[in-house]
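Asks: model the structure of this input:
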Amino acid sequence: MAGQTAIVESAALRPALANLLTAAGVREEDARIVADSITTAELFGFQSHGVIRIPHYLKRLRIGSINKSPRIRVVKRSGNTAIVDGDHGLGHAVAHFAMSEAIGLAGEGVGFVGVRNSSHFGIAGYFALQAVRQDMIGIVVSHTDVAVVPYGGREPAVGTNPLAVAVPTDRDYPILLDMATSTASLGKILVARDKGESIPADWAVDEEGNPTTDPHRAKYLLPMAGAKGYGLALIFDILSGPLTGALFGRNIPRMYGDYEKHRELGHFLGAINVDRFVPVGPFKRNVGLMMDDLHATPPARGFDRVLVPGEKEYLTRQAYERDGIPIPLGTMNDLRAAAKEFHVRLDL
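Replies: Here you go, the predicted model:
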C-alpha cells in the first residue's frame, strides 16, 4: 500500500468532506469552510494539512475537545483591533471569522485581530487569501504545541508556529508565502509515515536528539535556518499567546496526545488595505513587475527557473484541477472508515 494513491476530483472532495463533517454534528457553514480549506490545501500540494487531518478532527469532535457548534464572537474591539473568542470550535471556521473581522476593520487602513480558544486551522495561507480577494494584504500567524527544539537546546520548547502573507497582484495568482518556522511541519512527517517514505535528515531528531531519516523515529522537529527560525517561532508564539490572552509555550495541550483537552490555541491575523496607502491598480502592477524581474533571474544549476512564493502552489492547483488530486491510499481508507461510521456516502 505504501506509495499508492487514489485520484480524487476537487469538485467531489469538497462536498464529500462537508457532508462527513455535517454528519459528525458540525454546523453546515463551519463544515463548508473546513472542507474548502482542506481541499485547497490538497490542491496546493500541502497534503500535510489536507485530508490526512480529517480523522483527527473527527476524533476530537467525538470526544468533545472540539466544539461542534461554537459561539464564535468578538469579545473586545478597540480602534482597528479586536479579540475573537473561538469557543473551542474548528480552527478553520474560527480563523475565517477573524480574518473577515480584520478585513472589516481595515476599511480605513489596517485591521488586526487576535484569536483565543481556537484549534488547529489547517493552512494559514487560506485565510491570508481572504484579504487578497478584497485587494488587501493578508497576514496570518499562529502557534502550536511545542514540537521544535530551540536553537542550542535538546528538548522542544516552541511550536512549528506558521506564517502566511498573501499579496494581490495583476497576474493570474497572488504572492503567497505560507511556511512553518520548523524545517518541516509535523504533517509532512505524518504523510511520510503514511506513504512509507524516509524524510530528509534536517527535518527531525529522535528521542536522543540525533538526526533521523525515519519518520517513525522522528520525535522532535528542528527549526528552519537555525537561530532565525527559532526566533521567529518565539515571536509568533508571543503574538498568538500573550497578546491574545491564549495559552502559550509548553502550556498548550498537545494536538496528538491531550485528546480530552481543548487546544486553546491563539492566532493573530491582519489585513492591510492597499488603497489607503497607494492606488491599488498601480500597486498590483508594480508587484507584477517585481515578479517579472524575479522570473528573469538566470536559474542556478539544477533549477529550470526562479519561482515566486505562491507560484508552485498555483501550478500544482492547475495540474490537480485538471488531472485530479493524488491522495495516499491509507488516508483514503481512513476517510472511508469514517464515512462508514457516520453513515455517509463519499462518492469519491
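Asks: now do the strands in the stretch 101-250 of the chain.
Replies: Assigned by DSSP state E, counting those that start in this stretch, the stretch 101-250 of the chain shows strands spanning 110-118, 136-142, 163-167, 175-179, 204-205, 220-221.
Asks: ok, and what's touching the second one?
Replies: Residues outside strand 136-142 that contact it (C-beta atoms under 8 Å, 6 or more residues apart in numbering) are 95, 99, 103, 106, 121, 124-125, 127-132, 161-168, 236, 239-240, 265-274. All C-beta atoms are positioned from the backbone trio N, CA, C, and that covers glycine.
Asks: list the buried residues for that strand?
Replies: Judged by neighbour count using 16 or more other C-beta atoms under 10 Å, the buried positions of strand 136-142 are 136-142.
Asks: make CSV from the residues you listed and add distance to Pro326 and pLDDT to it.
Replies: CSV is the format used below for the buried residues of strand 136-142 (distance: C-beta to C-beta, whole Å; pLDDT from 0 to 100):
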residue, distance to Pro326, pLDDT
Met136, 33, 98
Ile137, 32, 99
Gly138, 28, 99
Ile139, 31, 99
Val140, 27, 98
Val141, 30, 98
Ser142, 27, 98
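Asks: can you count the residues close to Glu208?
Replies: Counted by other C-beta atoms under 10 Å, the residues lying close to Glu208 total 9.
Asks: ugh, wrong one, Leu177
Replies: Neighbours of Leu177 (other C-beta under 10 Å): 16.
Asks: hmm, Leu163 and it touching each other?
Replies: Yes. The criterion here is C-beta atoms under 8 Å, and Leu177 meets it with Leu163 at 7.0 Å.
Asks: and for the two, which residues touch both?
Replies: Residues touching both Leu177 and Leu163 (C-beta under 8 Å, 6+ apart): none.
Asks: quick one: closest of the strands of the stretch 101-250 of the chain to Glu29.
Replies: strand 110-118 (16.4 Å; C-beta to C-beta).
Asks: any buried residues in that closest one, and which?
Replies: Buried, per 16+ other C-beta under 10 Å, within strand 110-118: 110-118.
Asks: try stretch 257-276
Replies: Neighbour counts over stretch 257-276 (16+ other C-beta under 10 Å) mark 262-274 as buried.
Asks: please apply the same query to stretch 77-90.
Replies: For stretch 77-90, a neighbour-count test (16+ other C-beta under 10 Å) marks 80-90 as buried.
Asks: so what's the residue nearest the centre of the chain up against?
Replies: Nearest to the mean C-alpha position of the chain, counting by C-alpha atoms, centre = their mean, stands Ile123 at 1.6 Å. Listed by C-beta under 8 Å, 6+ apart, the contact set of Ile123 reads 37, 40-41, 44, 46, 49, 164, 178.
Asks: make it 10 Å
Replies: 37-38, 40-42, 44, 46, 48-50, 92, 129, 140, 162, 164, 176, 178, 185, 187, 313 (C-beta atoms under 10 Å, 6 or more residues apart in numbering).
Asks: same question for Glu42.
Replies: Contact partners of Glu42, counting by C-beta under 10 Å, 6+ apart, are 8, 10, 13, 17, 49-52, 123, 316-317, 320, 325-327.
Asks: hmm, 8 Å instead?
Replies: In this structure, Glu42 makes contact with 10, 13, 50-51, 320, 325, 327, judged by C-beta under 8 Å, 6+ apart.
Asks: ok, and what's touching stretch 44-55?
Replies: Taking C-beta under 8 Å, 6+ apart as the rule, stretch 44-55 contacts 13, 17, 20, 38-39, 41-42, 120, 122-123, 125, 178, 185-188, 190-191, 194, 312-313, 316-317, 320, 327-328, 331-332, 334-335, 338.
Asks: so which of the residues you listed sit within helices?
Replies: Judged by DSSP state H, the contacts of stretch 44-55 include 13, 17, 20, 38-39, 41-42, 125, 186-188, 190-191, 194, 312-313, 316-317, 320, 331-332, 334-335, 338 as members of helices.
Asks: any idea which of the buried residues of strand 110-118 is closest to Arg32?
Replies: Using C-beta to C-beta, the buried residues of strand 110-118 come closest to Arg32 at Ser118, 17.9 Å.
Asks: with adjacent residues omitted, what lies nearest to that closest one?
Replies: Leaving out its chain neighbours, the residue that sits closest to Ser118 by C-beta to C-beta, 6 or more residues apart in numbering is Gly86, at 3.8 Å.
Asks: quick one, what contacts the one you found?
Replies: Here Gly86 is in contact with 70, 72, 94, 97-98, 115-119 (C-beta under 8 Å, 6+ apart).
Asks: dihedrals phi and psi, it?
Replies: phi -80, psi -10 (degrees, to the nearest 10).
Asks: list the residues that contact the closest residue to Leu222 other than its chain neighbours.
Replies: Closest residue in space to Leu222, ignoring its immediate chain neighbours: Thr183 at 5.0 Å, by C-beta to C-beta, 6+ apart. Neighbour list for Thr183: 200, 202-203, 221-224, 229 [criterion: C-beta under 8 Å, 6+ apart].
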